[in-house]
Structure formats: structure tokens, C-alpha cells
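> Attaching a predicted model along with its sequence, questions to come.
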Amino acid sequence: MISIIIPIYNHAEELKKCLQSIKNQTYDNYEIIAVDDRSNDNLEEVIKYSKKEFGYKIEWFFNQKNHGAPYTRNKGFKMSKGEFILFCDADIVLEKNALEIMHKTLMKNNKASYAYPSHIFGHKKFKLFPFDAEKLKKMPYIHSTALIKKSNFPKRGFDEKIKRLQDWDLWLTMLEQGHAGIWIDKILFKVSSGGTMSSWLPSFAYKLFPFLPKVKKYKKAVNIIKEKHKLC
């Protein structure tokens, strides 16, 4: 079974589209763990919709205060029952065969600990490439929405002190523990612009506009990850 963990913070409209894309999946052996991080938009309608559409397949949990994405994902993981884990942000829409393809890929590749596809952000395609440990040490290129074998997920989960590039930190931690990924040469999901990846900038911006606030924040986040994993 796949446990789909959805951390939620103020994405009620996007969440309904996300849930509908899960409802449309060709693979239906899953559970949904939805964890709200103290949203202040209208989630009530979406909760009613989700319980009507999914019944026992979905469980809702609510943080007592806003903790951020890492804490919220970890909470969802602790509640999960599946052999496989998929962290799916509320602003993601999955292709209808996404779960089926990722599951089949992991079942056929015993040495892989997770399967990651290419994806679309807004109107830009992020066509990735085969897993490369050395490239992973240099740059964050794998999105958090990858199907992970639960037995290989780090015991401490996401580092709740890391505020940016949390997915990169996760994959580096797993790499240090001897776990590698496998690339799926297909676009299996789309991320709405203005959501979790809204700080994305074209690659040339980091070289030509180092003074931009987004660039400075990004470089600072990169340095934090590199120092933690001794990549400096």
C-alpha cells in the first residue's frame, strides 16, 4: 500500500484539484494522510468533499500550531501504514498513472530506495536525468514528490530545523545511509505556480543577479545544506 502524505497550509482550492487527481489514479491501493498546519482559509468544504469521495481511505490530522512543512510531513509519516510513502504537496496534480508507474518502477528495481519522475512547474518542464550521487551532492534536482520505500526512510524523517531545500537535505541524508534513487523518464505531476516552488528562478539569474533577495536566500540555504553534509 502507498501512503500519500499531504502537508497543507492555505491551499484549499489547489488541494481539491490534488485530491481529484488522486481519485483518478489507475492504482488504488493507497491511503491519504492529510495534515493541516493551521490553515486559515476555507478547508471545511474540501474536508467534506474528501470524506465523501474517499471514505476510509483518507484521514485528517491537525497541528495545534503552525510548525512548518518538515514537522507536518513527519507527523503524517508517523501516522502512515503503507510500505511506500509519497509526499504530495497540496498544489500538486498527479497524472492518472503516476502511482502505478512509480510503484512498478520500485518493484522492478530492488536496489532503488525511491523513484522520482520529471515534472512541470507552472509552464516549465523539469526533465531530469538518471540518478547521479555526485550531481546530487552539488545541486538539488530531485523533488520531494517521489515514491519512497518506507523501510529506507530516515528514522528522524525530515530535519525540522531546515527551512529551505528540505527535499535536497532528505535525499542527501538517504545517500549517506546508502540509499539511492531511480529516475522515471516521464512527467508524472504538475506543480501550480505560486505554491511550494514559487521561489524558483531561471538558472542564469543566480549568476547575473546575485543581489536579488531570492538569490541571496537561496545561496544561504545551499550553504546550510552543504555545511551540514560536509560538502563545502
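All right, it came through fine. Numbering: from 1, shown residues only.
> hmm, which helix or strand of this structure has the shakiest average pLDDT?
Averaged element by element with mean pLDDT, DSSP states H and E, the chain has its least confident helix or strand at helix 205-208 (a mean of 45).
> what packs against whichever helix or strand comes after it?
Following helix 205-208 in sequence order, the next helix or strand is helix 213-228 (DSSP states H and E). Applying 3 or more Cβ pairs under 8 Å, 6 or more residues apart in numbering; DSSP states H and E, one finds that helix 213-228 makes contact with helix 166-176, helix 205-208. Heads up, the C-betas are built off the backbone N, CA and C, glycines and all.
> And the ones you listed: which comes nearest residue 55?
Among the helices and strands packed on helix 213-228, the nearest to residue 55 by Cβ to Cβ is helix 166-176 (30.7 Å).
> Please point out which parts of that closest one sit buried.
For helix 166-176, the buried set under the neighbour-count rule, 16 or more other Cβ atoms under 10 Å, comprises 166-175.
> and if you look at stretch 45-61?
Counting neighbours by 16+ other Cβ under 10 Å, the buried set in stretch 45-61 is 46-47, 50, 54, 57-60.
> And the furthest pair within those residues?
Largest separation among the buried residues of stretch 45-61 by Cβ to Cβ: 46 and 57, giving 15.2 Å.
> Using PDB, list the CA coordinates for stretch 90-102.
Backbone C-alpha positions of stretch 90-102 (Å, rounded to 0.1, in the frame of the first residue of the first chain) are rendered in PDB as follows:
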ATOM      1  CA  ALA A  90      -1.400  20.400  -1.900                       C
ATOM      2  CA  ASP A  91      -0.500  22.300  -5.000                       C
ATOM      3  CA  ILE A  92       0.400  19.200  -7.000                       C
ATOM      4  CA  VAL A  93      -1.700  17.400  -9.600                       C
ATOM      5  CA  LEU A  94      -0.700  13.900 -10.400                       C
ATOM      6  CA  GLU A  95      -1.000  12.200 -13.800                       C
ATOM      7  CA  LYS A  96      -3.600   9.500 -13.600                       C
ATOM      8  CA  ASN A  97      -1.000   6.700 -13.900                       C
ATOM      9  CA  ALA A  98       1.600   8.300 -11.600                       C
ATOM     10  CA  LEU A  99       1.200   5.900  -8.700                       C
ATOM     11  CA  GLU A 100       1.100   2.900 -10.900                       C
ATOM     12  CA  ILE A 101       4.300   3.800 -12.800                       C
ATOM     13  CA  MET A 102       6.200   4.700  -9.700                       C
END
